[in-house]
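*Asks:* I'd like to go over a predicted model; first the sequence, then the structure.
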Amino acid sequence: MYVAVKGGERAILGSYALLSEQRRGDPAIPELSLEQIKQQLRLAVDRVMTEGSVYDPDLAALALKQAAGDAVEAIFLLRAYRTTLPRFGYTRAIDTADMKLWRRISATFKDLPGGQLLGPTYDYTQRLLDFSLAASGERLRTPPATGADAAVQEDVPRVVDLLDDEGLIEKTPCDETDPDPVDLTRQPLDFPASRETRLQNLARGDEGFLLAMGYSTQRGYAHSHPFAGEIRFGEVEVFIEPEELGFPISIAELSVTECQMVNQFGGSKTEPPQFTSGYGLTFGHGERKAMAMALADRALRAEELGERVASPAQMPEFVLSHSDNLEASGFVQHLKLPHYVDFQSELELVRKMRANRAQEAAA
Amino acid sequence: MNPLDLKNTAPERDAGYNFAYLDERTKRMIRRAILKAVAIPGYQVAFGSREMPLPYGWGTGGIQVTAAVIGPQDVLKVIDQGADDTVNAVNIRRFFQRTTGVATTDRTREATLIQTRHRIPETPLTRDQIIVYQVPQPEPLQRLEPRAYETRRMHGLAEYGLMHVKLYEDIARFGHVATTYDYPVMVNDRYLMAPSPIPKFDNPKMHMNPALQLFGAGREKKIYAIPPFTRVESLAFEDHPFEVQKWTAPCELCGATDSFLDEVIVDDKGGRIHVCSDSDYCRDRREAVVQQ
């Protein structure tokens, strides 16, 4: 007989219990500590902070633990928590030229002021499973002595600034009035979107989505001829300048990855041939995302630079409206919700259309 | 609350969060958007939609609107597909119990505030009630023109030819309009509006309704409204007037012939019955029979 979806409430509570059991796994295995996640799953923590738009390794580690390692779910938890945080003020823009570098490479010059600094990277590892990690009791490699502490190189100029001296790269003039940028966490995205707005959106955007968008520009869907002008990863200081003080004070240090792509540009009626750039920035160590973001940023500048807009990566409405993984994941998965009222309406319609067709065939 | 304690199901007010989750400034921002929406019936007001602890597409717009208008004296009803006990309705009701501690009800008549997904209750609403719709896609023109920049211009110029052409093409191909839910309406003779995915059966209820109707789209960051006693007209042509769904069978449980019926498959031989989608309405009618 008729059984409606009664007992939804009990079912939900039951699913909470099952979920916590599955998340924890075998209780005989020691529980993960947040410190372990923070220390040993550093790149997962960095991604959650970047797309969660909160720089807080402790909260990101907690989110990862609660989400059983699902990055997008962890990002969701962090963003929802972020909603409840009051905003005290704005910091000054961080200065990445003043970064304490862990890593800094340029693909456009063999050598350059400040040098190339390989730093911690998977790039030149041979991707062979290291079975010594499977057995616990890993032996640590000691970094080779380099004399000075490699991590503490300061005031290394950015590659793009070096090109700037020769006028070979576009100028990105600041608006004299220095207006506050749109804050996408407080105001809705609106089109046409300024470059600051686009960059904010990309910075929060899903890594996988941006990777695919950036990749598409390399495969003929928007020709951008990119070079990795510079990628740097290190620590920057964050300053605030309270009005009542009148001078900046340092409130935190955070690690960021910055990528500046250098792209060919044939020139236009008003501009001589020169290089243009795309920009990417993430919290923590996120080179894949930073590079993909820089490619996407450059592709989205097509209209501004007078290039033909023909590919998805060049279309702001396409890229910016679909980059957020919470929006995408939520809406794709909302299909799990009951839709039987709408489906009922469609059933009636399809039956009616079939009946009409049968009648016509009979006539 | 201990999630394993299945007996004590109503969550207690969680004092760790502000009343209705959002901080007061955010609520004020949403209220401003609502006021603007009420002042321009059917117009989509962009607002700074926040990330809520429920996923986008699961009612975050409705939740934010409800959070902005709910007060401690309100009596809240939450329905999904017309029923109070569907999982998503339960989840949203629990969210507000936990963050506001307000009284909840499953009776349409008792509620001061109703949040809904996909239905308008069969019991007529009154001037003392607010109904909040969860809206997945606020832009009625989106399927015809995906660029928001363009659709905004069309609304500005009241240029809705595209939609009329779509309906006309339906009639040319099928002999009738092939839209059964989220059927576009014209509000106050000015703005084309998506009524959210309610069945077109419910469209006439929006017209001159004494209750305030608010619509929240969280993912798309839009709020719109139909103030009480506003004209709401479903699009149609003179020779193809608007029609709603009809059923040949009455509700199996209460015998209603005037309500929206869901089809329920009852055995594995294709046997099916029809029952009211509005569970409160159905129960009300059955109780009335018992009292007689």
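*Replies:* The structure has been received and is ready for your questions.
*Asks:* for the residue in the stretch 101-250 of chain A that chain B sits nearest to, report the pLDDT, please.
*Replies:* For the stretch 101-250 of chain A, the residue closest to chain B is A:Pro188, as judged by C-beta to the nearest C-beta, at 3.7 Å. (Glycine included, C-beta is placed from N, CA and C.) Here, the pLDDT recorded for A:Pro188 equals 93.
*Asks:* that one against B:Val45, yeah?
*Replies:* No: with contacts counted by C-beta atoms under 8 Å, A:Pro188 stays clear of B:Val45, the gap being 9.7 Å.
*Asks:* these two: who's more crowded?
*Replies:* Neighbours per residue (other C-beta atoms under 10 Å in any protein chain shown) separate A:Pro188 from B:Val45, with B:Val45 holding more: 21 against 15.
*Asks:* pretty sure the more buried one sits against B:Ile30.
*Replies:* No: look at B:Val45 against B:Ile30 with C-beta under 8 Å: they stay out of range, at 10.0 Å.
*Asks:* pull out the buried positions in the lengthiest helix in chain B.
*Replies:* Counting residues, the longest helix in chain B under DSSP state H turns out to be helix B:24-39. If you call a residue buried by 16 or more other C-beta atoms under 10 Å in any protein chain shown, then helix B:24-39 has these buried ones: B:26-27, B:29-30, B:33-34, B:36-38.
*Asks:* now the host helix or strand of B:Val290: buried residues?
*Replies:* Assigned by DSSP states H and E, B:Val290 belongs to helix B:279-291. Buried residues in helix B:279-291, counted by 16+ other C-beta under 10 Å: B:279-285.
*Asks:* show me the strands in the stretch 1-150 of chain B, by range?
*Replies:* Assigned by DSSP state E, counting those that start in this stretch, the stretch 1-150 of chain B shows strands spanning B:45-46, B:75-80, B:103-104, B:113-117, B:130-134.
*Asks:* does chain A have contacts with the longest one?
*Replies:* Put plainly, it is strand B:75-80. Yes: on the criterion C-beta under 8 Å from any C-beta of the partner chain, strand B:75-80 is in touch with chain A at B:Asp80.
*Asks:* give me the contacts around that strand.
*Replies:* Contacting residues not belonging to strand B:75-80 are listed as A:337-338, B:66, B:70, B:84, B:86-90, B:92-93, B:96, B:100, B:102-108, B:110-119, B:121, B:278, B:280 [C-beta atoms under 8 Å, 6 or more residues apart in numbering or on different chains].
*Asks:* how about the residues of the stretch 101-250 of chain B near chain A?
*Replies:* Residues of the stretch 101-250 of chain B lying near chain A (C-beta under 8 Å from any C-beta): B:117-119, B:136, B:146-149, B:174-176, B:178, B:180-182, B:197-201, B:219, B:221-222, B:245.
*Asks:* could you tell me which residues of the stretch 101-250 of chain A lie near chain B?
*Replies:* Counting by C-beta under 8 Å from any C-beta, the stretch 101-250 of chain A sits next to chain B at A:185-192.
*Asks:* in PyMOL, how would I select the buried members of those?
*Replies:* Typed into PyMOL, the line below selects the buried ones among these, using 16+ other C-beta under 10 Å:
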select buried, chain A and resi 189
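*Asks:* ok so, going back, let me have the buried residues of helix B:24-39 in JSON lines, extended by pLDDT and distance to A:Gly115.
*Replies:* Output for the buried residues of helix B:24-39, formatted as JSON lines (pLDDT from 0 to 100; distance: C-beta to C-beta, whole Å):
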{"residue": "B:Thr26", "pLDDT": "94", "distance to A:Gly115": "48"}
{"residue": "B:Lys27", "pLDDT": "96", "distance to A:Gly115": "53"}
{"residue": "B:Met29", "pLDDT": "96", "distance to A:Gly115": "49"}
{"residue": "B:Ile30", "pLDDT": "98", "distance to A:Gly115": "52"}
{"residue": "B:Ala33", "pLDDT": "98", "distance to A:Gly115": "53"}
{"residue": "B:Ile34", "pLDDT": "98", "distance to A:Gly115": "58"}
{"residue": "B:Lys36", "pLDDT": "98", "distance to A:Gly115": "57"}
{"residue": "B:Ala37", "pLDDT": "98", "distance to A:Gly115": "58"}
{"residue": "B:Val38", "pLDDT": "98", "distance to A:Gly115": "63"}
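*Asks:* out of those residues, which are close to chain A?
*Replies:* Applying C-beta under 8 Å from any C-beta to those, those adjacent to chain A are B:Thr26.
*Asks:* same list (the buried residues of helix B:24-39) but as a markdown table, adding distance to A:Arg354.
*Replies:* Shown next, in a markdown table, are those (distance: C-beta to C-beta, whole Å):
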| residue | distance to A:Arg354 |
| --- | --- |
| B:Thr26 | 49 |
| B:Lys27 | 50 |
| B:Met29 | 49 |
| B:Ile30 | 45 |
| B:Ala33 | 44 |
| B:Ile34 | 44 |
| B:Lys36 | 45 |
| B:Ala37 | 41 |
| B:Val38 | 43 |
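*Asks:* follow-up on the earlier one: near chain A, from the buried residues of helix B:279-291?
*Replies:* Answer for the buried residues of helix B:279-291 near chain A (C-beta under 8 Å from any C-beta): B:Ser279.
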